[in-house]
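Trainee: have a look; sequence and predicted model below, questions after that.
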There are 2 protein chains.
Amino acid sequence: MTTISVDAMGGDEGPSAVVEGCALSAAKNSEIAFVLHGDEAVLKNLVAKHPTLSGISKIRHCADVVQMDDKPSQIMRRGQETSMWSCVTALRDGEAQAAVSCGNTGALMAISILRLRKIDGVHRPAIACLWPSRGGEKLNTLLDVGADVRADEESLLQYAMMGAAYYRNAMGAPRPRVGLLNVGTEEHKGRTEIKEAAHLIAEAAEFGRYEFVGFVEGNDLPATHVDVIVTDGFTGNVALKTAEGTAKLVSDVLRDELTGSAVAKLGALFASGSLRRLKKRMDPRRMNGGVFLGLNGTVVKSHGSADATGVSAAIKLAFTLARSGFQDRMAERIASIAEASQKRLAERDPATAAERARGTTGTEAS
Amino acid sequence: MTTISVDAMGGDEGPSAVVEGCALSAAKNSEIAFVLHGDEAVLKNLVAKHPTLSGISKIRHCADVVQMDDKPSQIMRRGQETSMWSCVTALRDGEAQAAVSCGNTGALMAISILRLRKIDGVHRPAIACLWPSRGGEKLNTLLDVGADVRADEESLLQYAMMGAAYYRNAMGAPRPRVGLLNVGTEEHKGRTEIKEAAHLIAEAAEFGRYEFVGFVEGNDLPATHVDVIVTDGFTGNVALKTAEGTAKLVSDVLRDELTGSAVAKLGALFASGSLRRLKKRMDPRRMNGGVFLGLNGTVVKSHGSADATGVSAAIKLAFTLARSGFQDRMAERIASIAEASQKRLAERDPATAAERARGTTGTEAS
């Protein structure tokens, strides 16, 4: 059995959607178990409604819940009673092999860093999200989508290594193709740190077991010639939300138009199979699950608005990663490249190198 | 009459699409005239095909054309014979009131800075693009979408001022609503320079004749509560291309699905009016035209792949801006805020302030 620690209180849809998501996963997967964190009375009732959950679900009572507008700093000081804190702690204590929460991203990252600690050598953890690809069922990955608002060349190199390790294990792709997001594909384009990162990422390709395809642009995010797209958390977050906003705008306009007249409605009826497949193909629930990379433990952030299907997709991702054992192999590789980075940095910028060696440069949470 | 200087050789579709675009504009607008730059023999032939262009089009022969992969630095040294150079020069020399080109963006910006010079006090010019909005026919504006890969708080303030001036005149909106792109709408989120820019932009709202709506996120780019969205050129370029890629992915999947079976095709037939309206609403040609802001002259960059309809939209934008006389009023305001910026900077960072006063910090072209 693989046990997933689930923050049952975090999402916009409330604990019933989260527990239903667990039940959906349990129905499809006989090797899964849960520790559910939240209001005991509420959760007991919900679990009782799903026979598939009986015997595989422990409930951990928590008096408090992290709110969507809580600041990470508040939660780090006063969040010990929350379901999110309890959820991450169960992972740290080895009661579960991965954690899932639909709650406040900043708070989840802060608690995860505090309780799990960063992997040795990691400057900054990253959040990787899934992205629809032109290649049918294939999905791409973009990171960082918001753990940190800045990334220097060394951080971008670590994102490439971590993103490739994640993609390899989540998607069963032995040698993921890594691209670096830029404003053009020519070598002379872009910011200095991105040009330097391109050299570092190319150099580390053999060791990191990925192929480096060079610079990619925003319109390449769904491309079939790349699997993992690396960028800083500010750009990644804007790209993710821009794509969500654009897809929503197109689908809203389409829906308005298709219900605008009787003839259009008839057309929509005949085309309903096609429209359903379009919806399924672009369904954000299928891509639900932002994975935190660079921590001693696998934490998956489910979208706040996820319904049971979305929660179940995030749980599946957590399960797959927990089973793959990729954390240990990734940690070894990161430690090794971090040593090389530290040497480069010591030559160029001794002050920052010394700070990093002391582990005093933390994450500037977004 | 208002004369538009047109680089007829720049686009992917060749001079015939550009000249046809001019003809479309001339048919709708009796107060427009053109100076067309490019191969004289080719252009004479094309102009002869469009009676609406007779008597209102001068042709300026140019032996050379800027290629899409030419580097800006090459063009600045050896580009004097190109149609793009000639196009911008006609604007500088007062033969035309605005310039339009479908060519290489980097080269067009480099030539424009060299020939027109930046407005006094402008650190870095910006490129503003149009963005579809949820509000029916309304369009939003995003800047910078790629003139410069970095922007500090003072540059972001200038983008807000210039973007508001552009929007007011292009869209006839007396008091545009300005938002600053960030990874969250809470005050504590984002990069330091963005938080500082938010204060500067809020302070200058009265003087700049705009309303500041605070931080907006990627999914707000089509929102109805904002008109002008300000960001650095790296983020803006990624957002623009991400949106283009997403819209194309959705429409390609929709087309595949609607031609997948006989029933679906029948549905598409009944729904064809709706689908046509969807296409029209999201038509990138309607939003064609990246306006260069911060130069002594109005330059509009048309999309390289624009057809005649797209070129005509860019020409209309150039005409509207040339007629509005917004350049002079914008220059006055920028000079005034630049003085205040210079004082702030001198207090905090005398070296950079001195460099800027000497005008030695140029544009780091993307």
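Mentor: On my side now, so go ahead.
Trainee: kindly provide the distance from the nearest residue in space to A:F34 that is not next to it in sequence to A:K49.
Mentor: If you skip the residues right next to it in sequence, A:F34 has A:S57 as its closest partner in space, 4.6 Å away by CB to CB, 6 or more residues apart in numbering or on different chains. (Glycine included, C-beta is placed from N, CA and C.) According to CB to CB, to the nearest Å, A:S57 and A:K49 sit 12 Å apart.
Trainee: which one's more surrounded, these two?
Mentor: Under the criterion of other CB atoms under 10 Å in any protein chain shown, the comparison of A:S57 against A:K49 puts A:S57 first, with 23 against 11.
Trainee: ok, and the closest non-adjacent residue to the one residue sitting closest to the centre of chain A?
Mentor: Among the residues of chain A, A:G290 comes closest to the average C-alpha position under CA atoms, centre = their mean, at 1.7 Å. Excluding the flanking residues, the one nearest A:G290 by CB to CB, 6+ apart is A:K301, at 4.1 Å.
Trainee: then A:G103?
Mentor: Going by CB to CB, 6+ apart, A:G103 has A:G10 as its nearest residue, at 3.0 Å.
Trainee: now the residue of the stretch 1-150 of chain A found nearest chain B, what are its backbone angles?
Mentor: Ranked by CB to the nearest CB, the top residue of the stretch 1-150 of chain A for proximity to chain B is A:V149, at 4.9 Å. Torsion angles at A:V149 (phi, psi; degrees, to the nearest 10) stand at phi -80, psi -10.
Trainee: who's A:E211 bridged to?
Mentor: In this structure, A:E211 bridges to A:R177 when assessed by DSSP bridges.
Trainee: you'd agree it is up against A:V178?
Mentor: Yes. In this structure, A:E211 is within contact of A:V178 by CB atoms under 8 Å, at 6.9 Å.
Trainee: find residues that contact each of the two.
Mentor: Residues touching both A:E211 and A:V178 by CB atoms under 8 Å, 6 or more residues apart in numbering or on different chains: A:A205.
Trainee: for the residue of the stretch 1-150 of chain A closest to chain B, report the pLDDT, please.
Mentor: Confidence at A:V149, expressed as pLDDT, is 90.
Trainee: what's the burial count for it?
Mentor: Applying other CB under 10 Å, I find that A:V149 has 23 neighbouring residues.
Trainee: distance check, it against A:G289.
Mentor: Distance of A:V149 to A:G289, computed by CB to CB: 22 Å.
Trainee: now A:Q67
Mentor: Computed with CB to CB, the distance linking A:Q67 and A:G289 is 22 Å.
Trainee: neighbour count winner among the two?
Mentor: Shown here are A:Q67 and A:G289; by other CB under 10 Å, A:G289 has more neighbours (26 against 14).
Trainee: pretty sure the more buried one sits against A:L130.
Mentor: Yes. Taking CB under 8 Å as the contact criterion, A:G289 and A:L130 are neighbours in contact, 6.6 Å apart.
Trainee: tell me the residues of the stretch 1-150 of chain A that contact chain B?
Mentor: Taking CB under 8 Å from any CB of the partner chain as the measure of proximity, the stretch 1-150 of chain A contacts chain B at A:D69, A:K71, A:P132, A:R134, A:G146, A:V149, A:R150.
Trainee: ok but A:G214 is inside a strand, no?
Mentor: Yes. The assignment for A:G214, made by DSSP: H, G, I helix; E, B strand; the rest coil, places it in a strand.
Trainee: longest helix in chain A, by residue count?
Mentor: helix A:233-258 (DSSP state H).
Trainee: for that one, buried residues please.
Mentor: Using 16 or more other CB atoms under 10 Å in any protein chain shown as the burial criterion, the residues of helix A:233-258 that qualify are A:233-247, A:249-251, A:253-254, A:257-258.
Trainee: run through those residues and flag the ones next to chain B.
Mentor: Applying CB under 8 Å from any CB to those, those adjacent to chain B are A:233-235, A:237-247, A:249-251, A:253-254, A:257-258.
Trainee: count the residues that sit near A:N29.
Mentor: Using other CB under 10 Å as the criterion, A:N29 is surrounded by 15 other residues.
Trainee: state the phi and psi torsions of the residue nearest to A:G290.
Mentor: Dihedral angles phi and psi of A:K301 (degrees, to the nearest 10) take the values phi -90, psi 110.
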